[in-house]
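Enquirer: no sequence on hand, only this structure:
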């Protein structure tokens, strides 16, 4: 691997309730210096759940995404709470958002979102052996749950209301895992 | 589709050179009110390029990602400049970052990154008919370019240094497109 740049200085430059921006001064191994901005990473990361039922359907949720000001189809997801590992967080979020628990949970891949601008990580988790179980969550409205056949993944990916890159990646990885 | 929430108020709450944070007050159709934060979206979006050579290799770059403070394997990508469409931006970024132009460019999918927190969009573009052509870019150091066989995509996805969800999604979508 190349020699990493030296980090000369990290300065907090802006802060809101959720976000904190850092300015980071670097010197690359060739001597070039650059100043970048990134979002500071807090917390324990997040999980995204690919829940597959006995008929090989994936559970999708329809959720309002304030970044887009529209409803989207996506996978259940959420932050890992203190004291939880990724699998425990996945099972809790699945119960809160989709109303199902899972007998079998397995790690698929830890993904990054926009690594040039933030260190946030989200772990894709495969959930199988589903059973009805609802935990109260913090959602402002009940989410519609849609069962989509994994065999029709390409059709799902072609929809404008299914756009989240990490969810597309998670579904293709799970399809590959289940085919192996 | 569900009835969208009413947007009651949008307030700028923090600002840095690159980032601007907004607080947004919503009333959902069931009457529940919530206040969220999101990153404001500026600019014309971004492109991510899946460049495939005559031997069915994809061109990867090794780039320092300041959000992770490490080098990563990823796809060439960058912002769409004023006056460019996505295909023009893709060809320029491919020349700047990988040293190749493309005779044939096609849109694969416009993806979102973290739509609950930001409206940023990135369009995956398939580039074929590659020819050597380098444009000077704004990179602090020359990027290493790696040719990776598309047939070994699953092995790439299993690597810890290939983690960007949007890049994983783009590669699976292109593999599907080329197989159709």
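Expert: Yep, it's here. Here the structure is a predicted model, which means the values were calculated and not measured.
Enquirer: could you pull out the helices for chain A?
Expert: In chain A, the helices defined using DSSP state H lie at A:86-97, A:153-157, A:165-179.
Enquirer: which one of those lies closest to chain B?
Expert: Chain B lies closest, by C-beta to the nearest C-beta, to one member of those: helix A:165-179, at 3.5 Å. To be clear about C-beta, it is placed using only N, CA and C from the backbone, and glycine gets the same treatment.
Enquirer: circling back: dump the helices of chain A into JSON lines; add distance to residue B:101 as well.
Expert: Output for those, formatted as JSON lines (distance: least, C-beta to C-beta, whole Å):
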{"stretch": "helix A:86-97", "distance to residue B:101": "42"}
{"stretch": "helix A:153-157", "distance to residue B:101": "28"}
{"stretch": "helix A:165-179", "distance to residue B:101": "25"}
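Enquirer: CSV please, covering those and showing mean neighbour count.
Expert: As requested, those are exported to CSV (neighbours: other C-beta atoms under 10 Å in any protein chain shown):
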stretch, mean neighbour count
helix A:86-97, 22
helix A:153-157, 16
helix A:165-179, 22
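Enquirer: leaving out chain neighbours, which residue sits closest to residue A:159?
Expert: Nearest residue to residue A:159, sequence neighbours excluded (C-beta to C-beta, 6 or more residues apart in numbering or on different chains): residue A:73, at 6.9 Å.
Enquirer: in this structure the one you found contacts residue A:61, no?
Expert: Yes - under the criterion of C-beta atoms under 8 Å, residue A:73 makes contact with residue A:61 at 7.4 Å.
Enquirer: overlap of the contact sets of the two?
Expert: Common contact partners of residue A:73 and residue A:61 (C-beta atoms under 8 Å, 6 or more residues apart in numbering or on different chains): residue A:146.
Enquirer: okay, the residue nearest to residue A:159: pLDDT?
Expert: pLDDT, residue A:73: 97.
Enquirer: quickly list what it is bridged to.
Expert: Here residue A:73 sits in beta bridges with residue A:62, going by DSSP bridges.
Enquirer: what sits against it?
Expert: Counting by C-beta under 8 Å, 6+ apart, residue A:73 has contacts A:60, A:61, A:62, A:146, A:156, A:159, A:161, A:162.
Enquirer: quick check: the farthest pair among these?
Expert: Using C-beta to C-beta, the contacts of residue A:73 span at most 14.3 Å, a distance reached by A:61 and A:159.
Enquirer: neighbours of the nearest residue to residue A:167 once chain neighbours are set aside, how many?
Expert: Leaving aside its sequence neighbours, residue A:167 sits nearest to residue A:75 (C-beta to C-beta, 6+ apart; 4.7 Å). As a burial measure, residue A:75 scores 28 neighbours (other C-beta atoms under 10 Å in any protein chain shown).
Enquirer: now swap in residue A:109 and tell me
Expert: Applying other C-beta under 10 Å, we find 22 residues neighbouring residue A:109.
Enquirer: I appreciate the help and will end here.
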